[in-house]
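>>> Need coordinates for the following:
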Amino acid sequence: MSDRSPYIQQQARHQFDEARRKAFIAGIFDVLLRQPSDMLSLEEVRARLKVRGQRYLGHQTVPVDRIIGSEGRYLDFDRRFLPRSGKLKERWAEINALSLQLVNLPPVDLYKIGDVYFVRDGNHRVSVARQRGQQEIDAVVTELLTDVPLAPEDSVRDLLLKEEYSDFLEWTELHLLRPDQLIEFSEPGGYLDLVRHINGHRYFMGLQQQREITREEAVADWYDSVYLPMVHAIRRHRLLEHFPGRTEADLYRWIAEHRWSVLQRTGSDPGPEGAVSDYLDQHRRAHPLETLQGAFHGLLEQLGIERA
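Below you'll find the model as predicted:
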C-alpha cells in the first residue's frame, strides 16, 4: 500500500478495524439468537450433495448477499463475510484502498449452487464489497448442478438436512417423477419417515390391486394421493402461521401420525381435511420468544450489522 496516500491507507485500515468490531458483536448476537455465523464450506457441500455436473455461465453481476460460502477460506470470514482474524488486515486493507480510489477490480470467481454462490477466488473482494454496502459484484460464474436447492439462509445444520433430502431423492427419484416437488424438513429424520410411508403405501396398493407395485408407481401415487392432499389442506387452514419455523413437510409428518392414531382409535379415517382440522384444534400454540428475537434483530440493524 506504499503507493496509496496516507489518508487512503488510514481509511482502509480503519474500515478493517470496524469490520472486525462488527464481526465480534455479530458473533455474540448469533450465539444469543442461536443462529448460524459460520459460512458454508464448498468442500462439505460437495461431499453431502450429489453434484451431477457443471456448466460455465460466464461473466455475470451477482447479488453480494447471495454469496454465502467459500472453497478454501470459509474459516477466515463469518457468514456476513466479516473478517475473523487480524491476520487478514494487510490484504483486506489493500483491496479496500483500491476500492476507495474507485479502481476497477477484476471479477471474483464463483461457483453457483441453486440460488447461492461460493467463492473460488476473491474472498477479500467480497468481504470489502459487503462492508462498503455494495449490492452487486462482477463475477465469473460456474454452476454446479444438484437436485437439492440451496438458499441464502441455509446453515451448516441445514446442509445436514439437505444431505438427507439428496439421499431421499436418489432412492425415490421423486424429482424425476414430479419435477415440481419440494419437500423440506426443519429437523432430521423426516425423510426416513417418508420412505416408511411410501413402503407402507406400496404394500397396501399391492393388496388392493393384487399385483406387484413398482417403486416408481408407489412413489408417484403416494405423492399425488397422500402427500399433496395433506399439504393442500395444511395450506387451506394456514397451519404454518401457528407453527413458526416449521415447514409443510414437518406438519405433514405430524398430522399423518395423528391421522393414523385417529383411525386406530375410532376405526374411521378422518381424511386430510379432518385430520388437519383436528390437529390444529389440539396443538396450536404461541411462540413468545418471537418478540425477544425481533428485539435482537432490531438492535443488530441499529448497530449496522447484517443478519446472517
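>>> This protein: strands as residue ranges?
In the chain, the strands defined using DSSP state E lie at 40-41, 53-63, 67-70, 108-113, 116-121, 136-145.
>>> Make JSON lines out of the ones you listed and add mean neighbour count.
Backbone N, C-alpha and C define where each C-beta goes, glycine included. Below are those laid out as JSON lines (neighbours: other C-beta atoms under 10 Å):
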{"stretch": "strand 40-41", "mean neighbour count": "20"}
{"stretch": "strand 53-63", "mean neighbour count": "12"}
{"stretch": "strand 67-70", "mean neighbour count": "26"}
{"stretch": "strand 108-113", "mean neighbour count": "22"}
{"stretch": "strand 116-121", "mean neighbour count": "23"}
{"stretch": "strand 136-145", "mean neighbour count": "18"}
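>>> Identify the residues contacting Tyr56.
Listed by C-beta atoms under 8 Å, 6 or more residues apart in numbering, the contact set of Tyr56 reads 141-143.
>>> So which of the residues you listed is the closest to Asp158?
Distance to Asp158, by C-beta to C-beta, is smallest for Glu143 among these, at 20.1 Å.
>>> so that closest one touches Gly114, yeah?
No. Applying C-beta atoms under 8 Å, one finds Glu143 not in contact with Gly114, separated by 9.3 Å.
>>> quick one: terminal-to-terminal distance for stretch 219-232?
Using C-alpha to C-alpha, to the nearest Å, the end-to-end distance of stretch 219-232 comes to 18 Å.
>>> nearest to Ala129, of the contacts of Tyr56?
Closest approach to Ala129 among the contacts of Tyr56 (C-beta to C-beta): Val141, at 15.6 Å.
>>> all helices of the stretch 51-200 of the chain, in order?
Secondary structure of the stretch 51-200 of the chain by DSSP state H, counting those that start in this stretch: the helices cover 89-100, 123-131, 156-172, 174-177, 190-209.
>>> Adding mean pLDDT as columns, could you present those helices in CSV?
Below are the helices of the stretch 51-200 of the chain laid out as CSV (pLDDT from 0 to 100):
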stretch, mean pLDDT
helix 89-100, 92
helix 123-131, 95
helix 156-172, 92
helix 174-177, 96
helix 190-209, 96
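>>> State the mean pLDDT of the top helix by length along the chain.
Ranked by residue count under DSSP state H, the longest helix found in the chain is helix 6-33. In this model, helix 6-33 carries a mean pLDDT of 87.
>>> Looking at the helices of the stretch 51-200 of the chain, which is nearest to Ala249?
Distances from Ala249 to each of the helices of the stretch 51-200 of the chain were compared by C-beta to C-beta, and the smallest falls on helix 190-209, at 5.9 Å.
>>> Next, the buried residues of that closest one.
The neighbour-count criterion (16 or more other C-beta atoms under 10 Å) identifies 190-191, 194, 197-198, 201-202, 205 as the buried residues of helix 190-209.
>>> go on, stretch 260-267?
Residues of stretch 260-267 classed as buried under the neighbour-count rule (16+ other C-beta under 10 Å) are Val262.
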